[in-house]
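Chemist: fold the following, please.
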Amino acid sequence: MPIIDVNADLGEAFGRYRVGDDDALLAIISSANIACGFHAGDPHVMASTVGRCVEMGVRVGAHPGFPDLQGFGRRRLPMSAQEIRDIVLYQVGALALLAESAGAPLCHVKLHGALYNWAAYDEEIATAVVEALRGLRRDLILYAPAGSPMVQTAAAAGQSVWQEIFADRNYEPDGTLTARTHPLALLRDPVEVAERLRHSLQRGAIRSRTGETLAVTVDTICVHGDEPTAVATAKTVRNTVYSCGYTLVRATD
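Modeler: This is a model prediction of the structure:
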């Protein structure tokens, strides 16, 4: 039976502020992308989220982003490639140590928000991210948008890559995510989520909001943890994955 990963962005609380239902999602997903304190999260939230991943048998990943709490990391900051390398290394390194202290290996890294979108289509920025990861540990997996130039850039540098699609986001015909300012950027109808995902898993392709298809490899499927519909969407994704004959990766894989 083929395996696949279902991931969600977790640990995005900060101090007294709470974002998302992490405990409910941890009972559904196989991998967690944990915010590293720059766009969301703080040391206590990071450590406690790692601990809950260990308890639930969920793979631990780092979710570094721009230093932009107010904008939730969804605003692109004018930073150089060297600065990008440094902020990624700083954030991933911090979470790696917290994971190590909890007895859990750090499995993967997935960029957040505007940094994710920038690195996906800019070779210089993608290279800086890969340099950060390989400067820390060479066995980390980089999650990258399926079919994006970032996949090729990382693979050419010897970086292990899992190609990712989004269960709760719409796509443009060129394979980029529909901008969040667009009224159809997010998918919230579970029937539509299941139908789109089934198409991707059975045909190896994503379908854009205007109907075009683009062939992709799918290694991991993301659900945004901060959305009000996140738990329902995650359940839909898990059920669809099972109905298509897949099983989820395990923390020991």
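Chemist: so what's residue 229 up against?
Modeler: By C-beta atoms under 8 Å, 6 or more residues apart in numbering, the contact list for residue 229 reads 168, 188. C-beta coordinates here come from the backbone N, C-alpha and C atoms, glycine included.
Chemist: so which residue is smack in the middle of the protein?
Modeler: Among the residues of the chain, the one closest to the centroid is residue 110, at 4.8 Å (C-alpha atoms, centre = their mean).
Chemist: am I right that residue 160 is in contact with residue 142?
Modeler: Yes. The pair residue 160 / residue 142 is scored as a contact, 6.8 Å apart, by C-beta atoms under 8 Å.
Chemist: distance from the top helix by length along the chain to the middle of the chain?
Modeler: In the chain, assigned by DSSP state H, the helix with the most residues is helix 81-101. Averaging C-alpha positions (C-alpha atoms, centre = their mean, to the nearest Å) puts helix 81-101 16 Å from its chain's average.
Chemist: after it, next one along is what?
Modeler: strand 106-110 (DSSP states H and E).
Chemist: that following strand - contacts with which helices or strands?
Modeler: strand 31-35, strand 59-63, helix 81-101, strand 141-145 (3 or more C-beta pairs under 8 Å, 6 or more residues apart in numbering; DSSP states H and E).
Chemist: quick one, the first one and strand 59-63 angle?
Modeler: Taking axes from the mean of the first three to the mean of the last three C-alpha atoms, to 10 degrees, strand 31-35 and strand 59-63 form an angle of 30 degrees between their directions.
Chemist: what helices and strands are in contact with strand 31-35?
Modeler: Counting by 3+ C-beta pairs under 8 Å, 6+ apart, strand 31-35 packs on strand 3-10, helix 43-56, strand 59-63, strand 106-110.
Chemist: what average pLDDT does the longest one get?
Modeler: Which is helix 43-56. In this model, helix 43-56 has a mean pLDDT of 96.
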